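Q: sequence and computational prediction follow.
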Amino acid sequence: MGQGGDDLIGAVIGHCAIQQLLGVGGMATVYRARQEHLDRDVAIKILPPLYAGDASFVERFKREARATAQLSHPHIIIVHDAGEEHGRLFIIMEYVSGGNLADGMRRGLRLDAITRAIREVASALTYAHAKGIVHRDIKPANVLLDAGGRAILSDFGIAKMLAASATLTRVGAGVGTPEYMSPEQCRGSMVDARSDIYALGVMLYEMLTGRTPFQADSYTALAHAHVYEPVPPPSQFNPRISPAVQSVILKALEKDPAERFQQAVELSQALDLAVAAQAPMAAGERRLSGPLSVPHPTASRAPASGGPRPAAVLCPHCHQPNAPQQRFCSSCGTAFGPMPSGDPAPHSGPGQGTGRWVQCPRCRVLNRPMDRFCTHCGLGLPSLAIVTCRACGAQSAANQRVCSACGRPLG
């Protein structure tokens, strides 16, 4: 009998001496082990013995393990080996020392850490999806973190293998994690990359609010919620979430896969834009991370004898500096206050404007041309970004071909 009553501690499987229990999940148990002949620590995932008795499952296991081992990406776990020994199926993977994202969430994550994790997991998913591999069980526990905070996605192929297992059906176990399952997955329909994108949206929702969108005591209730119930706005649980970030989350959680982001990287890019300054910064200008003054985005265009430059807006929550036009902190998401007023309302149609104002084509709320997202509903407004004339420094709407001040081409 091994340490703590675990008879696998001290055993050797796949030339790996098992040393320590790392975690127990519904699908497998994970241990830290040592490959003495290669002088390295590894993680070994061992499936329950009942699966080894299912010949068809064993064949699928080997096939999926080979496919997963072909994935080579900095944010996907490295699979070293897989096989069957002593009546147990096992997968040997790289050992990642920093725990998982679920642990990190319990400790608390800054907004920049959240966007980084989403960006890295989305990169891994986009790569895998391009190779025809769908994860099917995206959740924080399956995102490992190394010592530097790098997100590494694990458990590719496990859910797919179990989904087709006759043994699994006999014992009545579930496949996937209900809190993160897409509506089509809950219905038992065919799933594709967009199901992983939905789960990534759930994970983002949880990282920003501390809870998943739907909570219930049974799989049936959770499945019903995913399929039929509207997603509670995340700002209901975290008022600091900006409309732009909320819009990204809700798009990822659309019931209809065709209405979601179609690639995981699209979600991460939209999130980065939403979290960034609400107004674009000048080309080549970097946002500072320390408690220093941030130059106004138009400072480089100010007259040589001009007056003082506007000071940075310091976030009252995290004390990070932000450009004066921002309405939400780019580090923690805290709202800075209502939209300034003073310009007359435009008399033109949706999506157009007079002077500095532009109407949102969805909700018709007024926005300034520098706004990337509607301040009311969060709709992305990429066509309303401003362009600076290289000749005179004046600003014009991005959809203009010539400068509104000097008439030079805006190439």
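A: Received the coordinates, thanks. Numbers count the residues shown, from 1 in each chain.

Q: where in this structure is pLDDT low?
A: Residues of the chain meeting the criterion pLDDT under 70: 1-5, 26, 157-176, 277-361, 363-388, 394-411.

Q: helices of that one, start to end?
A: With helices called from DSSP state H, the chain shows them at 55-69, 101-107, 111-130, 158-163, 166-171, 183-186, 193-209, 219-228, 243-252, 264-275.

Q: residues of the first one that come out buried?
A: For helix 55-69, the buried set under the neighbour-count rule, 16 or more other CB atoms under 10 Å, comprises 57-58, 60-61, 64-65, 67-69. C-beta here means a position set from N, CA and C on the backbone, and glycine is covered the same way.

Q: for the last one, same thing?
A: Of all the residues in helix 264-275, those buried under the rule 16+ other CB under 10 Å are 264-268, 270-271, 273-275.

Q: could I get those in a markdown table, plus columns for distance to Met190?
A: Conversion of the buried residues of helix 264-275 to a markdown table gives the following (distance: CB to CB, whole Å):
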| residue | distance to Met190 |
| --- | --- |
| Ala264 | 18 |
| Val265 | 23 |
| Glu266 | 21 |
| Leu267 | 21 |
| Ser268 | 25 |
| Ala270 | 26 |
| Leu271 | 27 |
| Leu273 | 31 |
| Ala274 | 31 |
| Val275 | 33 |
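
Q: quick check, nearest of those to Asp155?
A: Using CB to CB, Ala264 comes nearest to Asp155 of the buried residues of helix 264-275, at 16.2 Å.

Q: show me which pair in the buried residues of helix 264-275 is furthest apart.
A: Farthest pair in those (CB to CB) is Ala264 and Val275. Separation: 16.7 Å.

Q: on that earlier part again, can you check which of the helices of the chain gets nearest to Ile76?
A: helix 111-130 (4.9 Å).

Q: what residues of the closest one count as buried?
A: For helix 111-130, by 16+ other CB under 10 Å, it's 111, 113-129.

Q: which pair of the buried residues of helix 55-69 spans the longest distance?
A: Farthest pair in the buried residues of helix 55-69, by CB to CB: Phe57 and Ala69, 18.2 Å.

Q: what about the strands in this structure?
A: Here the chain has its strands, by DSSP state E, at 12-13, 16-24, 29-35, 40-46, 79-85, 88-94, 143-145, 151-153, 313-314, 321-322, 358-359, 366-367, 386-388, 395-397.

Q: minimum distance to Thr177: which of the ones you listed has it?
A: strand 143-145 (12.6 Å).

Q: show me what the closest one is in contact with.
A: Residues outside strand 143-145 that contact it (CB atoms under 8 Å, 6 or more residues apart in numbering) are 77, 96, 98-101, 103-104, 117, 121, 151-154, 203.

Q: buried subset of those residues?
A: Buried among the contacts of strand 143-145 by 16+ other CB under 10 Å: 77, 96, 98-101, 104, 117, 121, 151-154, 203.

Q: dump those residues to a markdown table, plus distance to Leu253.
A: Listed next are those as a markdown table, based on distance: CB to CB, whole Å:
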| residue | distance to Leu253 |
| --- | --- |
| Ile77 | 26 |
| Val96 | 28 |
| Gly98 | 28 |
| Gly99 | 27 |
| Asn100 | 22 |
| Leu101 | 19 |
| Gly104 | 22 |
| Ala117 | 18 |
| Val121 | 16 |
| Ala151 | 20 |
| Ile152 | 24 |
| Leu153 | 20 |
| Ser154 | 23 |
| Met203 | 11 |
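
Q: excluding its backbone neighbours, what's nearest Ala117?
A: Ala151 (4.6 Å; CB to CB, 6 or more residues apart in numbering).

Q: still on that earlier bit, distance to Asp41 added to the helices of the chain, as TSV?
A: Below are the helices of the chain laid out as TSV (distance: least, CB to CB, whole Å):
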stretch	distance to Asp41
helix 55-69	19
helix 101-107	19
helix 111-130	22
helix 158-163	22
helix 166-171	31
helix 183-186	34
helix 193-209	27
helix 219-228	36
helix 243-252	36
helix 264-275	30
